[in-house]
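Undergrad: Sharing a sequence plus its predicted fold:
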2 protein chains.
Amino acid sequence: MLESTSSPARAHQLPEGSSGWVRVRGAREHNLRGVDVDIPRDCLVVFTGVSGSGKSSLAFGTVFAEAQRRYFESVAPYARRLIDQVGAPEIDSLDGLPPAVALKQSRGGTSSRSSLGTISSLSDVLRLLFSRAGSYPAGAAHLPAAAFSPNTVVGACPTCHGLGVGRSTTEELLVPDPTLSINDGAIAVWASRGWQGVNFRRIASELGYDIDLPFQEFSREDRDWLLFSDEEPTVRVNVREGGNDRPYNGTWYSARNYLMRNYAKTESESQRQRLEPYIVVGACPTCNGKRLGQAALSVTFGGFDISELARMPLSRLCEVLDAGLDAQSHGVDEHGAPAASAARALVKDLGVRVEAIVRLGLGYLSMDRSSVNLSPGELQRIRLASQLRSGLFGVLYVMDEPSAGLHPADAAALYEALQQLISAGNSLFVVEHDLDIARRADWLVDVGPRAGSEGGRVVHSGPPHALEHVTDSVTAGFMFPADGPRRHEARTAQSWRHFADLSRNNLQNVSVDIPMGVMTTITGVSGSGKTSMLADIIERVDAQNDVENTPQRIISIDQKPIGRSPRSNLATYTGLFDTVRQLFAKTAEAEQRGFTASRFSFNVDGGRCPTCKGEGFISIELVFMPDNYSPCPTCEGSRYNPETLEVRFEGANIAEVLGMTVEDAREFFAAVPPVRRALDALTDVGLEYLTLGQPATELSGGEAQRIKLATELQRPTRTGTIFVLDEPTGGLHPANVRYLVEVFESLTATGNTVIAVEHNMDVVAASDWVIELGPAGGDRGGRVVAAATPADLLHHPDSVTAPYLARATG
Amino acid sequence: MLESTSSPARAHQLPEGSSGWVRVRGAREHNLRGVDVDIPRDCLVVFTGVSGSGKSSLAFGTVFAEAQRRYFESVAPYARRLIDQVGAPEIDSLDGLPPAVALKQSRGGTSSRSSLGTISSLSDVLRLLFSRAGSYPAGAAHLPAAAFSPNTVVGACPTCHGLGVGRSTTEELLVPDPTLSINDGAIAVWASRGWQGVNFRRIASELGYDIDLPFQEFSREDRDWLLFSDEEPTVRVNVREGGNDRPYNGTWYSARNYLMRNYAKTESESQRQRLEPYIVVGACPTCNGKRLGQAALSVTFGGFDISELARMPLSRLCEVLDAGLDAQSHGVDEHGAPAASAARALVKDLGVRVEAIVRLGLGYLSMDRSSVNLSPGELQRIRLASQLRSGLFGVLYVMDEPSAGLHPADAAALYEALQQLISAGNSLFVVEHDLDIARRADWLVDVGPRAGSEGGRVVHSGPPHALEHVTDSVTAGFMFPADGPRRHEARTAQSWRHFADLSRNNLQNVSVDIPMGVMTTITGVSGSGKTSMLADIIERVDAQNDVENTPQRIISIDQKPIGRSPRSNLATYTGLFDTVRQLFAKTAEAEQRGFTASRFSFNVDGGRCPTCKGEGFISIELVFMPDNYSPCPTCEGSRYNPETLEVRFEGANIAEVLGMTVEDAREFFAAVPPVRRALDALTDVGLEYLTLGQPATELSGGEAQRIKLATELQRPTRTGTIFVLDEPTGGLHPANVRYLVEVFESLTATGNTVIAVEHNMDVVAASDWVIELGPAGGDRGGRVVAAATPADLLHHPDSVTAPYLARATG
Ligand SMILES: Nc1ncnc2c1ncn2[C@@H]1O[C@H](COP(=O)(O)OP(=O)(O)O)[C@@H](O)[C@H]1O
Ligand SMILES: Nc1ncnc2c1ncn2[C@@H]1O[C@H](COP(=O)(O)OP(=O)(O)O)[C@@H](O)[C@H]1O
Ligand SMILES: Nc1ncnc2c1ncn2[C@@H]1O[C@H](COP(=O)(O)OP(=O)(O)O)[C@@H](O)[C@H]1O
Ligand SMILES: Nc1ncnc2c1ncn2[C@@H]1O[C@H](COP(=O)(O)OP(=O)(O)O)[C@@H](O)[C@H]1O
Ligand SMILES: [Zn+2]
Ligand SMILES: [Zn+2]
Ligand SMILES: [Zn+2]
Ligand SMILES: [Zn+2]
């Protein structure tokens, strides 16, 4: 109704179901070269292109940023000064743009106190369920929802105040040598010659215990009473031994109670140190670490208390809820009473929410999993699942690589979730490298043709099938391959290394053999235990290095950020910046002014801008837009003070060097081998489009991982090293994956070993050995389903990977 | 595509152009009684119903609140705890709901430092325009946009630091008696016998000035030099007089520089007091109050500097910009140079923005008008104009009474602006009493049938014309009147009072006669001077009261809030709460516990809840949602501590009394005349639906005004009072207007006078005398266009009101 559905500049028709176009004109953010493009609303749009081509600059940096800026400016005009500081994207015009929500692969806003349950709201709903629909002990009063939270006074376990941990002791600690008698000091905590020890021995004796009997010869019952009883009898002690024989009244405390009382009451440090060896800190003994008080823990649903449900893998929780619903649908709760409709609705609601997360392949997670132990991909999919229940309409969702960390077998459910968002009335723009998802999109925007200054154009905007004939699209070559897939000959291992009884997390005492000198990929559905296996292997090699004569170098290259402030970047991380600073210090200009290499550092005072302390940015606090940085008003983002910037090396000042891409810098520093070597390595891993000074906070997990890889690659070649990587293709276009595979091949060719967790079938196909874990996630995984060469895996009857691998190998 | 366009529960078809329905189910916020209603998107929907029927509870309290909550929960999941505290509306489900933006008639977020220019962004654009497209003096360097802001170091006038005010002095102050000679003390500031005075007289003499000449006989030039020169010559003083005749070097300061230096430097209070009489605080002498430095002020556009443009009514600014554009479209700027296309775009952009505000009847305002001097209606329309340029798409705008403060002649432009928002792809829900706008809506939701517990249902949801046959709609009776309009006989004035030469703001020395003992309405387009006239009249009566023997009581009843905290409410404002507290103190229970009336106050410690200090709410800071209050967790909103709540009067505790509507309380306190009287008055002005404790912060301007009116009405009747009101019908349904007119009639019937600014033609028709100001706003208004009885006004050739009045009187 509002817009015509055709335009002279537009070659393709609006997809069915779309209400019109988002019209981008003159987008120039980052490397975008005045992009004009029309993108349909109300459908699944996938943005493709090699890394650094400008996909994110278009989808996030332009479309999302502008949508959010406009909406907040309208909703909160009084916060406009803050919003303005964040800055508007470089663009001429953008029409037909709905308010947007970004689901990014970042940890923004998670804290160690948040868990899967809190970030997904499941905890709130579960508490409500227990309050309204739990089974209460006969006669117990109903509890409010807050009583099921350990963070409230009513809910918390009174012993540990909801912390779940507490001090306790054990028989072994209290009685280190059970062959001794009490008289000989069996109960070590009051074995001293002090009056308390004498007193307790006397009382025990008065109470009829044989204090000369070896402690181990007491009955279980007697031992428990002496050590752990809460009884505190007062008895007449008729002293026999020694000089002082006046009778007195003595009160008995069990060894534990004596220990705990004194530990709690004493103000003396030496007394505390004397008692500490008898104490263990562990699960609170009252609540067993469940953090809740007795009243809350006595309420159950489906036979479990709330903390048991929170610890359960979501896939099992689903079953418990289903059983509950089933019982209710027969009109009765588990006690046979007719269930209230409100309770029924709650069980159903929780079930749907949990189901949504399980469907996205996350059934192996539990509600109490701390969010800091979740991967960015897991976090993103949890947020995605919550969005399915958000009731938002007419919103544009922008996501980056939702397939990250997903085995192809899990991708169908992801696609379904994306479709659900669309059929609820929303638009979806997804930056994605998974060509299966790209093929199924309603619309494809291919950015490129290459990275950085060779990218920044829209090569194709239209239905995926129409990409086939776009000659300058790198993506087209992979989506519509002319020649068959590349053939790999599996190479022979130099040797095999055996790892027995791996059992971290869900691994079921697994033993595996890993070939040395070639490449192994570990694959399997989400939660099957791949990362756990990698961690166990690293630990084993390290442990054996301690005892062996010829330690084996093992290098783990993970996706963690290379730094947490905008002051970290690839130049500093790879070490090339040290050489660059020395070059600047050796210029005539610098020598004349007395500037040393440290003058050119932005990490110490001296040459750096005093306002931003070398960050180039100042951070802006906006509740609704986390982690926003705005260019420093003093140095305008250059990070340095004016005098420092006057020094030039071959015509460029230090800020200009930091502004160069890896590609440009390679030419600039062609004559400086140590710098050149680092830049070559970065190019090899497909990072030629990054600028030297690009802040760590702006790099994706995959980019961080490849910078780490490059840092290793530039070192003088060593042989016999094991390189361990977790999904190194994350965020990579198939074209980039091809390069990465070449890097791995050259590593193994020089005698190194590569072990990688991977879902990308091109990488699996190029490896020499595949270990597939499964069959499912969590407690249904943790087993080796298959271990074979890629060629043999194809014929393995239990492999879920085989069909996908078959497609990749043609 | 997403939804079927029909449903069994729905009687009417989706209007043309709408993409589907917002589906509300089970809305129970405030008085809503489980409302199920389908409302179309992408068109103009008007919500009607008598005051208190539940329109706002549906449009703002439910639809807007839920839309905003959902969106923020999705965008800022880490802020969810805060968002949850604000609470979700009471509702079963709400589908098809886009993100929403509210344009409310409130002052939220305006500060005294903000102006029309800053809240509308016009200031930023104007500065950019001056930076890029201003005329610079020959040879002057171009300035950055910041240099045109007095709030930056580069831009600010160096003398007053951008404040615009400064200390200065005048010849009159420095030389109070110019017949004196310098020797006799003509220059009073150094007339003292102190050494400085002697010194300056000697130097003046050495410099060749005749210090015995009467000051007035010096030339202009000499006088200026002596008083104001900035020269500071040092001269050899050869002392002749007195004993000490050693020569010395003395430095000269002009009288002003001596004064300013000493005033700035002195630490002595007595010295400062001595100097103060010579100083005036006024416009900064350097920048003339323009706040900017010379460089910025030397740049002009269309012949004006930036501060002159900021002071200009927007309608004139429009013309200046048009002229500029015109010159540019001929390819030259005002100097004949070809204009750059960027500059052309800027002029055009600014022109469009200003035009949008002017079209909404606000051409009389200037950019520098402080936002605290803007009415809520003006603020709303400025925000509305900004939204026309916001580029938002697919958003639901929710507005309350955009016609407030608008003469019917301005309403056409308003309607056009609303249509513009819709054709940009948005939905529009408007709470409105103006039946002209309701008639032109695409869809009408009538809430009622009456107020409070007698309302809360959707009486009609469909095209406006279909309302005609809805029997239980109060609105229908007014939109489709069966009988003609009511006839009013103009009554004769007791006397006339003359007001001569009114000249506040834009009034052009107007004289008017106002009839006493009857009702006068002042009408005219926005900005014509109505409010200014009212203010002048009040001032004149007050001034004459000082000199006359029998002062005339004049009571101004404005729309300002009755209090600024949630602790103010109608019970406290009208005084009825004092009586209520005494009733509680006299109960047996209270006497037994020793509770006095102050125990039942929530304004002092004692009986009130200690957590919220009697507010019942705690405020929550959310950058993006201003002024949010959440119920106090301790008292759950009751405001009192538990002991106080144990005391009951006739079965109700004090919190329950505050929760009663005026209507309920009338019955409850039927036997307590002073309380009853106040409640009757509140009912008379149509406020029977408010609860006694409803916080002042939640009341509209119209409700506040009617509470003030009721407070006056309940006082023992006095005769001869002049009641002055500014748009008392704001926020009132025609049914409520009818009651209000009756109140006015009873006031005049008992010998009082009513003077009201009004745009509501039913009120104008019911008045006895009409003064129409005009012909336009600002400097094109401020004249009396007509002054006549309503009947005569109909035939007045210059009246813009006549045609609208004719419609109202049939
Ligand atoms: N914040 C930034 N500042 C400057 N350049 C950037 C920034 N982010 C990305 N770039 C550059 O923009 C180009 C495109 O990057 P990006 O949009 O992230 O590509 P893609 O998403 O396709 O991997 C690259 O050359 C990259 O170095
Ligand atoms: N930090 C952790 N704390 C508790 N359980 C974990 C942790 N990390 C992984 N797990 C559990 O171990 C199992 C395997 O997980 P993981 O090794 O990450 O699988 P994959 O890498 O195959 O996705 C899952 O059930 C997961 O919930
Ligand atoms: N914040 C509130 N708390 C409790 N009741 C309220 C609140 N706001 C309005 N109400 C009540 O809800 C009813 C409908 O009010 P409202 O929606 O403001 O009506 P309208 O917009 O039609 O004038 C009235 O009885 C009013 O007293
Ligand atoms: N506080 C103020 N400061 C400066 N100008 C004002 C102020 N209030 C009103 N004016 C100006 O006086 C003129 C008449 O305004 P007003 O009396 O409010 O008109 P009306 O009530 O008819 O809308 C307008 O040009 C307006 O800009
Ligand atoms: Zn505990
Ligand atoms: Zn800086
Ligand atoms: Zn000044
Ligand atoms: Zn309280």
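TA: Looks like it arrived, so ask away. Numbers count the residues shown, from 1 in each chain, chains lettered A, B, ... in the order given. Ligands and ions are numbered 1, 2, ... in the order given.
Undergrad: How far away from the center of its chain is stretch A:445-454?
TA: Taking CA atoms, centre = their mean, to the nearest Å, one finds the center of stretch A:445-454 at 29 Å from the center of the full chain.
Undergrad: ok, and what's touching that stretch?
TA: A:31, A:37, A:39, A:45-55, A:58, A:455-461, A:467, A:470, A:472-476, A:661, A:663, A:688-689 (CB atoms under 8 Å, 6 or more residues apart in numbering or on different chains). Where you see a C-beta, it was placed from the backbone N, CA and C, and this is true even at glycine.
Undergrad: Just the buried residues of the residues you listed.
TA: Those of those that meet the buried threshold are A:31, A:37, A:39, A:45-55, A:58, A:455-461, A:467, A:470, A:473-476, A:661, A:663, A:688-689, by 16 or more other CB atoms under 10 Å in any protein chain shown.
Undergrad: Which of the contacts of stretch A:445-454 fall in helices?
TA: Within these, residues falling in helices by DSSP state H are A:55, A:474-476, A:663.
Undergrad: For those residues, work out which two are farthest apart.
TA: Among these, the pair separated by the greatest distance (CB to CB) is A:476 and A:663, at 23.2 Å.
Undergrad: mind listing what the closest residue to residue A:211 other than its chain neighbours touches?
TA: The shortest distance from residue A:211 to any non-neighbouring residue, by CB to CB, 6 or more residues apart in numbering or on different chains, is to residue A:182 (4.1 Å). Residue A:182 makes contacts with A:201, A:204, A:209, A:211-213, A:215, A:226, as judged by CB under 8 Å, 6+ apart.
Undergrad: After the worst-scoring helix or strand of chain A on mean pLDDT, which helix or strand is next?
TA: Least confident helix or strand of chain A, by mean pLDDT, DSSP states H and E, is strand A:625-631 with a mean of 58. Using DSSP states H and E, the helix or strand that follows strand A:625-631 in sequence is helix A:642-645.
Undergrad: list the buried ones in that following helix?
TA: A:644-645.
Undergrad: Check stretch A:581-590 too.
TA: Buried residues in stretch A:581-590, counted by 16+ other CB under 10 Å: A:581, A:583-585, A:590.
Undergrad: same thing with stretch A:513-520?
TA: Buried, per 16+ other CB under 10 Å, within stretch A:513-520: A:514-520.
Undergrad: near ligand 2 too, which of the buried ones among the contacts of stretch A:445-454?
TA: When CB under 6 Å from any ligand atom is taken as the criterion, no member of these contacts ligand 2.
Undergrad: and the buried residues of stretch A:581-590 as a markdown table, adding secondary structure, distance to ligand 5 and pLDDT?
TA: As requested, the buried residues of stretch A:581-590 are exported to a markdown table (DSSP: H, G, I helix; E, B strand; the rest coil; distance: CB to the ion, whole Å; pLDDT from 0 to 100):
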| residue | secondary structure | distance to ligand 5 | pLDDT |
| --- | --- | --- | --- |
| A:581 | helix | 55 | 96 |
| A:583 | helix | 61 | 96 |
| A:584 | helix | 60 | 97 |
| A:585 | helix | 60 | 96 |
| A:590 | helix | 64 | 95 |
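Undergrad: Please identify which of those residues is nearest to residue A:232.
TA: Nearest to residue A:232 among the buried residues of stretch A:581-590 is residue A:581, at 72.0 Å by CB to CB.
Undergrad: separation between the closest one and ligand 6?
TA: To ligand 6, residue A:581 is 18 Å away according to CB to the ion, to the nearest Å.
Undergrad: Touching, that residue and residue A:601? I think so.
TA: Yes: using CB atoms under 8 Å, residue A:581 makes contact with residue A:601 at a distance of 6.3 Å.
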